[in-house]
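J.: Give me the fold of what follows.
(one chain, ligands or ions: 1)
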Amino acid sequence: MGQDKKNLKVIKPFNAVIFGGDGDLAMRKIYPALFHRFVDKQLNVDFNIYAITRSDKKHGTFYEQLEKFILKTIDYELDHSLIAVFMKKIILLTLVDHTKSDYEPLKIELEKNPTYQNVYYLSTPSDAFGDIGDTLKLCGLINQKSKVVLEKPLGNSLASSQAIHAKISRSFTENQIYRIDHYLGKETVQNLMVLRFANHLFEYSWNSEHIDNVQITVAESLGVEKRGDYYDHSGALLDMVQNHLLQLVCLIGMEPPAQLDANSVRNEKLKVLNSLRLLDAESVLTDTVKGQYTRGKVDGEQLNSYLEDLEKYESSTETFVAIKAHIDNWRWKNTPFYLRTGKRMTKRYSEIVITFKSVKHNVFPMQGNIPGNKLIMRLQPEERIELVQMTKLPGPGGYRYRPISLKLDYMDSFHERFPEAYERLIVDVLRGEQTLFMRQDELEAAWVWIESVVNGWKEANMKNILYEAGSWGPGDLVMEKEHTWSTSTKRDEEGV
Ligand code: BG6
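T.: Now for the predicted structure:
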């Protein structure tokens, strides 16, 4: 998305400076992503990677750990000598404070290659962003070619995200800022654009006249692991819905952009976010559910409750959320978007299900109502697209039919390796391609909607429904005048 081959921008020699350079994200995602792109010869220019840490790190231990992390992600045949070549490009630097003198070693390094583009990757808590930007600027290390990559969480409210933006914009302009949402780097998510805008069949019927509802589910089997401190201040709504799920809503809901350049796409996404119907203390009671996991079992293994994972006695943080959202515009009037996500579900799976309306007139009344077609986009664990259609059962005996799936399994259809989301996103940063990164106005519009839920919950004093770890979440049916919707992440697999 964002580029066809002819228009691909080329990667120029670069210095990647990774703040939080010995952190978990850098080790698990950033270095491996750079390594795989290097092996794939996509980084066929000169480059250096600076791993910035704040406390003295033993060189030996760092490189040893790093190699282990990289090796873990290799899922193809590899000329192992490339690891040593790549490792030589990584330089470990300790910058304790955000001062000109502490940044001197970095300055000396970067000034060895003054024509290279400097890409600063801030894989640190956001309260450090302002200081890092200011110090880089003070040291004269930011020029027009420089870029900055920001990792989430970018605040926990509209005001805090604006404050972060105010700080980082002291040193970088909007077209130098890349806010990462790794969901946008996933292959199936990008395929959504191709599916919609390269297939007349779908785009033609992509509206509330033909689509009954849209469901986006991200079920995770993991709990909060070691991220309890962060997670307890965020919860499922801020951790997953504010960014990943809303970005999916945007790609499904937006109007076709005139072109695939960054601003055309982001302008359309922004319109969707601005059209989301705000919730309040009344509507959260019927249109949202929040939950928290208690002890449970998966495959006979006993799992802790959220509070046990946190080692706390109480917490009102939700580890599950389901929301019936509405996009109040011409295209989506009366087509609800059901969003569901939770930790410690039965299994890990993410998918988007578009359910079409039933046929206008039923000529097979003996079998009851005809279910609508479904377009299912499975994001993970496997990547797949299914189109569920009614099909006649073979043999005599009248028109008996069943929903049958036409399946496109990515693994069966494409034999090339699927790059990880970070690989795609990092290459886009190096190329200066911003389509897959959120603009500040998008972020703010997302916060406005999220805050309406947060405030609605507060005013209504909404409590978490407890659900067992290893279940599908609180599976209540919420009854309303016209709609019944299930909050459970379990998909109705009937006939599919
Ligand atoms: C992250 C969240 O952004 O996304 C995590 O902070 C979550 O809590 C993760 O586990 C899910 O990503 P994925 O790619 O595994 O679905």
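J.: and stretch 150-167, C-alpha only, in PDB?
T.: Taking Å, rounded to 0.1, in the frame of the first residue of the first chain, the C-alpha atoms of stretch 150-167 are listed here in PDB:
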ATOM      1  CA  LEU A 150       7.700   7.000  17.800                       C
ATOM      2  CA  GLU A 151       6.600   3.800  19.500                       C
ATOM      3  CA  LYS A 152       3.300   3.600  21.400                       C
ATOM      4  CA  PRO A 153       1.800   4.300  23.800                       C
ATOM      5  CA  LEU A 154       1.600   7.900  22.600                       C
ATOM      6  CA  GLY A 155      -0.200   9.200  25.700                       C
ATOM      7  CA  ASN A 156      -3.200   7.900  27.600                       C
ATOM      8  CA  SER A 157      -5.600  10.700  26.700                       C
ATOM      9  CA  LEU A 158      -6.200  13.400  24.100                       C
ATOM     10  CA  ALA A 159      -4.400  16.000  26.300                       C
ATOM     11  CA  SER A 160      -1.400  13.800  26.900                       C
ATOM     12  CA  SER A 161      -1.000  12.800  23.300                       C
ATOM     13  CA  GLN A 162      -1.200  16.500  22.400                       C
ATOM     14  CA  ALA A 163       1.500  17.200  25.000                       C
ATOM     15  CA  ILE A 164       3.800  14.600  23.500                       C
ATOM     16  CA  HIS A 165       3.200  16.000  20.100                       C
ATOM     17  CA  ALA A 166       4.000  19.500  21.300                       C
ATOM     18  CA  LYS A 167       7.300  18.300  22.700                       C
END
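J.: In contact with Ala445, which residues are there?
T.: Leu270, Leu273, Asn274 (Cβ atoms under 8 Å, 6 or more residues apart in numbering). C-beta coordinates here come from the backbone N, C-alpha and C atoms, glycine included.
J.: Just the residues contacting the helix or strand containing Leu192, thanks.
T.: Assigned by DSSP states H and E, Leu192 belongs to helix 187-197. Contacts with helix 187-197, where a contact means Cβ under 8 Å, 6+ apart, come from 1, 183-184, 202-203, 206, 247-248, 251-252, 256, 260, 352, 377-379, 383-385, 410, 418-419, 424, 436.
J.: need the residues of the stretch 51-200 of the chain near the ligand, please.
T.: His182 (Cβ under 6 Å from any ligand atom).
J.: What of the stretch 301-450 of the chain?
T.: Applying Cβ under 6 Å from any ligand atom, we find that the stretch 301-450 of the chain lies next to the ligand at Ser350.
J.: What are the boundaries of the helices in the stretch 301-450 of the chain?
T.: Assigned by DSSP state H, counting those that start in this stretch, the stretch 301-450 of the chain shows helices spanning 306-310, 410-413, 421-431, 440-460.
J.: need the contact list for the closest residue to the ligand within the stretch 351-496 of the chain.
T.: Residue nearest to the ligand within the stretch 351-496 of the chain: Gln380 (6.1 Å; Cβ to the nearest ligand atom). Applying Cβ under 8 Å, 6+ apart, we find Gln380 in contact with Lys186, Arg348, Tyr349, Ser350.
J.: Might you specify the subset of those located within strands?
T.: Tyr349, Ser350 (DSSP state E).
J.: Could you export the contacts of Gln380 as a markdown table, including pLDDT and neighbour count?
T.: Output for the contacts of Gln380, formatted as a markdown table (pLDDT from 0 to 100; neighbours: other Cβ atoms under 10 Å):
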| residue | pLDDT | neighbour count |
| --- | --- | --- |
| Lys186 | 91 | 21 |
| Arg348 | 92 | 12 |
| Tyr349 | 89 | 18 |
| Ser350 | 93 | 24 |
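J.: measure the spatially most central residue of the chain to Ile216 for me?
T.: Centroid check for the chain by Cα atoms, centre = their mean gives Tyr183 as the closest residue, at 2.7 Å. Distance, Tyr183 to Ile216, using Cβ to Cβ, to the nearest Å: 11 Å.
J.: who touches both of those two?
T.: Common contacts of Tyr183 and Ile216 (Cβ under 8 Å, 6+ apart): Leu248.
J.: tell me which residues of the helix or strand hosting Lys297 are tucked away?
T.: Using DSSP H and E, Lys297 falls within strand 296-298. Residues of strand 296-298 classed as buried: Gly296, Val298 (neighbour count, 16 or more other Cβ atoms under 10 Å).
J.: Among the contacts of helix 187-197, name the buried ones.
T.: Buried by 16+ other Cβ under 10 Å: 1, 183-184, 206, 247-248, 251-252, 352, 377-379, 383-385, 419, 424, 436, out of the contacts of helix 187-197.
J.: Mark which of the residues you listed are part of strands, please.
T.: Among the buried ones among the contacts of helix 187-197, the members falling in strands (DSSP E) are Ile352, Met377, Arg378, Leu379, Arg384, Ile385.
J.: still on that earlier bit, and of the contacts of Gln380, the nearest to Pro336?
T.: The closest of the contacts of Gln380 to Pro336 turns out to be Ser350 (Cβ to Cβ; 19.0 Å).
J.: Run through the bridge partners of that closest one.
T.: Note on Ser350: beta-bridge partners by DSSP bridges are Val218, Gln380.
J.: List the residues that contact it.
T.: For Ser350, the contacting residues are Thr217, Val218, Ala219, Arg378, Leu379, Gln380, by Cβ under 8 Å, 6+ apart.
J.: Return the item of the residues you listed having minimum pLDDT.
T.: In terms of pLDDT, the lowest of the contacts of Ser350 is Gln380, showing 88.
J.: next one: phi and psi at the residue in the stretch 151-300 of the chain that the ligand sits nearest to?
T.: Residue nearest to the ligand within the stretch 151-300 of the chain: Asp239 (4.7 Å; Cβ to the nearest ligand atom). With angles defined as degrees, to the nearest 10, Asp239 sits at phi -70, psi -40.
J.: I'd assumed Tyr231 was in contact with it.
T.: Yes: under the criterion of Cβ atoms under 8 Å, Asp239 makes contact with Tyr231 at 6.4 Å.
J.: For those two, list the residues in contact with both.
T.: By Cβ under 8 Å, 6+ apart, no residue touches both Asp239 and Tyr231.
J.: what's the burial count for Phe364?
T.: 15 (other Cβ atoms under 10 Å).
J.: any idea how far Leu393 is from the closest residue to it other than its chain neighbours?
T.: What sits nearest to Phe364 in space, not counting adjacent residues and going by Cβ to Cβ, 6 or more residues apart in numbering, is Tyr399, at 5.5 Å. Look at Tyr399 and Leu393: by Cβ to Cβ, they are 9 Å apart.
J.: All set, thanks.
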